[in-house]
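Undergrad: Predicted model follows, preceded by the sequence.
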Amino acid sequence: MIRYYIIVLLVILLSSCEKNQDNNDSILKFYGDALEDIGYSVTGVEDGYIIAGQLTEVARIGTNYIDETKSVRKMGIIRTDLSGNTVWKKSFGGKLPAGGSKVIKLDDGSIICVGYVIDTVTLFKDIFVVKTDAQGTVKKEKIYKTDKNQYGTDIIKTPEGFIILGTTDVAREPLTESTGNTAGKKDILLLRVDSNLEPIGSSTFVGFPGNDEGFAIKPDIAGGYIVVGNTDRSDQPSATQSGNNIFLLRVNADGSTIEPRILGGTPDEYAADIEVLSNGYLVAGTVGVEGFDQRGYIWRLSDNIYAAPISEGKLKINSTTITDGPFSIKAICSFKTSSIVMAGQYGTGSSAKLLIFVTDTDGNQIVGKQVINGGTGLQVANDVVSDADGNIIAVGKNSYEKNSMISLFKFRF
């Protein structure tokens, strides 16, 4: 399809922004072109930030037309300075459609990003990892292929290389009431690779006969790693724990796993992220399907993930200008010495707004530490980090009709 292209300057007017700040040096930047560009991950470096996600290579005819059929989505990595100005911007995937889910910086200054490519013949997704130097020059690219779908959602550095967290729909035998998986259903995938991205041993598949997904992997309290994700399996009666539930999984350094934990007591729970504390965990997510009843939700756990939660419950938006309404949490991170930043989206549909607020490590909201940004179109924060100076940096997207741009929002309460 070829459609008429009108250049639109996407400027968010912070007309519905409520926040308490000690300075006025907030930064709001956009990156991308026409069609769909989305930021999914951000990490800090000494002189700026690395953003990863989706950048669309736009095919144009002349100056006024876009050929959507020839425009291709790519894994995009953008390096900025501390003010959000672009240092370099690059796309990866060759001729294949691609996307980036998570980016991390290594001690030597190199950058590694995990996501997926799409085989244009089979239309299956394959895990895709790109490693670059600090200037964005490719050091290694690797596609991990199967005869079904699999894609990467997170990656973590290990002493032997990396563990890639992903999702696969490859069939797994034996299939029983509680083990295995039928083709087309999702399983959590753990793939160990060395520093040159070559596989170490066999992949580990974890899950039940239904759908299971992993969203984030973090270093665990006593060594190894912990994964948070979703499962459609329940250990409770369907009346109290129907739909999706939270899935916790401990992983040893060698990639082997320890019995998972299904967590949840309300219908339709969707994990977003986990923060590992000195004495336990804070799991954040959303309960309820998209609509008026959707709310952010937290679970405070001890260091024993199999014990009952210390506390859990829905969160509420307390604002003088915004009524308490639906919202979702997409990501969390530690903030200063004893707080947590939560980021996501307030509202639903095409007029949703970017949401950022602060809680203590038990998930209790801190009064006055809340931002709701909105303007024309939809805004959302998909990832968030903070730094030693108290800055909060969120990345996501600002969209209007069929077009969206990667957004970077940096501010300080």
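TA: Everything's here; your move.

Undergrad: quick one: N149 and D169 touch, right?
TA: Yes - using Cβ atoms under 8 Å, N149 makes contact with D169 at a distance of 4.9 Å. Using the backbone N, CA and C atoms, a C-beta is placed for each residue, glycine as well.

Undergrad: Can you name the residues that contact the nearest residue to Y225 once chain neighbours are set aside?
TA: Nearest non-adjacent residue to Y225, counting by Cβ to Cβ, 6 or more residues apart in numbering: V251, 4.4 Å away. Each residue near V251 by Cβ atoms under 8 Å, 6 or more residues apart in numbering is listed here: 163, 190, 217, 220, 224-227, 257-258.

Undergrad: One more pass at 10 Å, please.
TA: 156, 163, 165, 188, 190, 192, 204, 206, 214, 217, 220, 224-227, 257-258 (Cβ atoms under 10 Å, 6 or more residues apart in numbering).

Undergrad: Can you say which of those residues are buried?
TA: 156, 163, 165, 188, 190, 192, 204, 206, 214, 217, 220, 224-227, 257 (16 or more other Cβ atoms under 10 Å).

Undergrad: mind listing which of the residues you listed are in strands?
TA: Secondary structure from DSSP state E places 156, 163, 165, 188, 190, 192, 204, 206, 214, 217, 225-227, 257 of those in strands.

Undergrad: closest to V385 among those?
TA: Each of those was checked against V385 using Cβ to Cβ; the closest is I156, at 15.3 Å.

Undergrad: you'd agree that closest one is up against L191?
TA: No - taking contacts as Cβ atoms under 10 Å, I156 lies outside contact range of L191: 11.4 Å.

Undergrad: all strands of the stretch 251-400 of the chain, in order?
TA: 257-263, 269-277, 280-287, 295-302, 311-314, 327-335, 339-346, 353-360, 365-373, 378-386, 392-400 (DSSP state E, counting those that start in this stretch).

Undergrad: Same list (these) but as JSON lines, adding distance to E36 and mean pLDDT.
TA: Output for the strands of the stretch 251-400 of the chain, formatted as JSON lines (distance: least, Cβ to Cβ, whole Å; pLDDT from 0 to 100):
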{"stretch": "strand 257-263", "distance to E36": "33", "mean pLDDT": "92"}
{"stretch": "strand 269-277", "distance to E36": "22", "mean pLDDT": "96"}
{"stretch": "strand 280-287", "distance to E36": "23", "mean pLDDT": "97"}
{"stretch": "strand 295-302", "distance to E36": "26", "mean pLDDT": "96"}
{"stretch": "strand 311-314", "distance to E36": "32", "mean pLDDT": "93"}
{"stretch": "strand 327-335", "distance to E36": "17", "mean pLDDT": "97"}
{"stretch": "strand 339-346", "distance to E36": "17", "mean pLDDT": "97"}
{"stretch": "strand 353-360", "distance to E36": "17", "mean pLDDT": "96"}
{"stretch": "strand 365-373", "distance to E36": "20", "mean pLDDT": "91"}
{"stretch": "strand 378-386", "distance to E36": "12", "mean pLDDT": "97"}
{"stretch": "strand 392-400", "distance to E36": "8", "mean pLDDT": "96"}
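
Undergrad: about what we covered before: need the residues touching each of N149 and D169.
TA: In contact with both N149 and D169: 124-125, 183-184, 186, using Cβ under 10 Å, 6+ apart.

Undergrad: coming back round to it: can you list residues touching both of I156 and L191?
TA: What both I156 and L191 touch, as defined by Cβ under 10 Å, 6+ apart, is the set 114, 162-165.

Undergrad: mind putting those residues in TSV, pLDDT and distance to T179 included?
TA: Shown next, in TSV, are the shared contacts of I156 and L191 (pLDDT from 0 to 100; distance: Cβ to Cβ, whole Å):
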residue	pLDDT	distance to T179
V114	98	27
F162	98	27
I163	98	23
I164	98	23
L165	98	21
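
Undergrad: any low-confidence regions in the chain?
TA: Within the chain, the segments meeting pLDDT under 70 span 1-24, 235-242, 318-323.

Undergrad: Quick check: can you list the domain ranges of it?
TA: Following automatic domain parsing, the chain resolves into domains at 1-31+323-413, 34-322.

Undergrad: before we move on, the earlier item: out of the ones in strands among the buried ones among the contacts of V251, who's nearest L277?
TA: Distances from L277 to those, taken by Cβ to Cβ, are shortest for I226, at 11.5 Å.

Undergrad: residues touching the closest one, list them.
TA: 216-220, 248-251, 258, 274, 276, 281, 283, 305.

Undergrad: Now with 8 Å, please.
TA: 217-220, 248-251, 274, 276, 281, 305.

Undergrad: How about K336?
TA: 386, 390.

Undergrad: tally of neighbours for V114?
TA: 28 (other Cβ atoms under 10 Å).

Undergrad: Does it belong to a helix, a strand or coil?
TA: At V114, secondary structure determined by DSSP: H, G, I helix; E, B strand; the rest coil is strand.

Undergrad: Verify the contact between it and I155 for me.
TA: Yes - assessed by Cβ under 8 Å, V114 is found in contact with I155 at 4.2 Å.

Undergrad: how close does D362 get to W299?
TA: Here D362 is placed at a distance of 11 Å from W299 (Cβ to Cβ, to the nearest Å).

Undergrad: who touches both of those two?
TA: Joint contacts of D362 and W299 (Cβ under 8 Å, 6+ apart) are 282, 311.

Undergrad: More neighbours: which of these two?
TA: When D362 and W299 are compared on other Cβ under 10 Å, the one with more neighbours turns out to be W299, at 24 against 13.
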